[in-house]
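> When you get a sec, could you give me coordinates for this:
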Amino acid sequence: MRYVRYLLYSIVFFWILLSGPIMVLIFGNLSSNNENWQAFQDQRAKLAPPPSTEQAIIQVYAARSFGWQGAFSVHTWIACKRQAEKQYKLYQVVGWYKQMNTSVLSMQLLPENDTPDVYWYGQAPQRLVDVRGAGEIDALIDRLDQVVISYPYKNHYRAWFGPNSNTFTAYVARALPELRLDLPSTAMGKDYLSDGTFFAIAPSGTGGQVSLFGIVSATLATEEGLELNLLGLHFGLDLLDITIRFPGIGRIGF
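Numbering: from 1, shown residues only. Have a look, this model is predicted:
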């Protein structure tokens, strides 16, 4: 009888975790067909300064994934430009590249006057990191370029658990703790660690985490707070920001 009770508790707990994605699936404005997202293809969110800005810039963005996966996860990407440059570079992992038998890692030099704050399949982006400066940011971009090249899963992609776009962004963030990147609880795949390791610093560089191939994990850090992951559903508590981190929804609080 005791085991039945534990089983019922587990089922109820799991359904509580699923309630977030279910609410987003029902009430969220998710893109599910070509007509929806193509209308936003050339639209920008006005979160990035023009490339003519005489500053070195690194930005990280997140937007809901396409279709039903957007109820669970976001897609993330990284953009940068050096102080003397007039064009942004955009780094991201794109899953459907795998269908073309090519690398899923995209390293794109944007056209002049174009900015990286694009709508992802019709979903408005959220800016997660925005660092600007001069020589010190140029030096950080030099390191960023090397980390991107060293990403070990250029030819591998798996939407659930990882490696995916969030695995890539987290990989870069761990190597550049100066960014203090706090990936949202909806960044499924961020806990997939490289080289089969089980321990790593948190993506923000302000703590640590333990992870079993992104299937289950635990993170304790100043930026992320306490965050647990069960089958890709991330939940936790951020005491500094007084927020709850919940699957599908993201942050709940102030």
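
> low-confidence ranges in the stretch 1-150 of the chain?
Where the stretch 1-150 of the chain drops to pLDDT under 70, the residues are 31-41.

> Quick one: the strands in it, in order.
Remark: strands assigned in the stretch 1-150 of the chain by DSSP state E, counting those that start in this stretch are 56-64, 74-81, 89-93, 105-109, 126-133.

> Tell me which of those sits most buried.
The highest mean neighbour count among those, using mean count of other C-beta atoms under 10 Å, belongs to strand 74-81: a mean of 26. Every residue, glycine included, has its C-beta placed from N, CA and C.

> Compute the inter-axis angle for that one and strand 89-93.
Between strand 74-81 and strand 89-93, the angle comes out at 150 degrees (axes from the mean of the first three to the mean of the last three C-alpha atoms, to 10 degrees).

> could you check the angle strand 126-133 makes with strand 74-81?
20 degrees.

> distance between strand 74-81 and the chain's centre?
Relative to its parent chain, strand 74-81 has a centroid offset of 8 Å by C-alpha atoms, centre = their mean, to the nearest Å.

> and it, which strands flank it?
With DSSP bridges as the test, strand 74-81 is paired with strand 56-64 (antiparallel), strand 89-93 (antiparallel).

> Now distance to Ala45 too, for those, in JSON lines please.
Below are those laid out as JSON lines (distance: least, C-beta to C-beta, whole Å):
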{"stretch": "strand 56-64", "distance to Ala45": "8"}
{"stretch": "strand 89-93", "distance to Ala45": "14"}
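
> Among those, single out whichever gets nearest to Gln83.
Closest approach to Gln83 among those (C-beta to C-beta): strand 56-64, 4.2 Å.

> List the buried residues for stretch 7-21?
By neighbour count on 16 or more other C-beta atoms under 10 Å, the buried set for stretch 7-21 is Leu17, Leu18, Gly20, Pro21.

> And stretch 159-175, by the same measure?
For stretch 159-175, the neighbour count (16+ other C-beta under 10 Å) marks 159, 161-175 as buried.

> Ok, stretch 234-254 next?
Per 16+ other C-beta under 10 Å, stretch 234-254 contains these buried residues: His234, Phe235, Gly236, Asp238, Thr243, Ile244, Arg245, Phe246, Pro247, Gly248, Ile249, Gly250.
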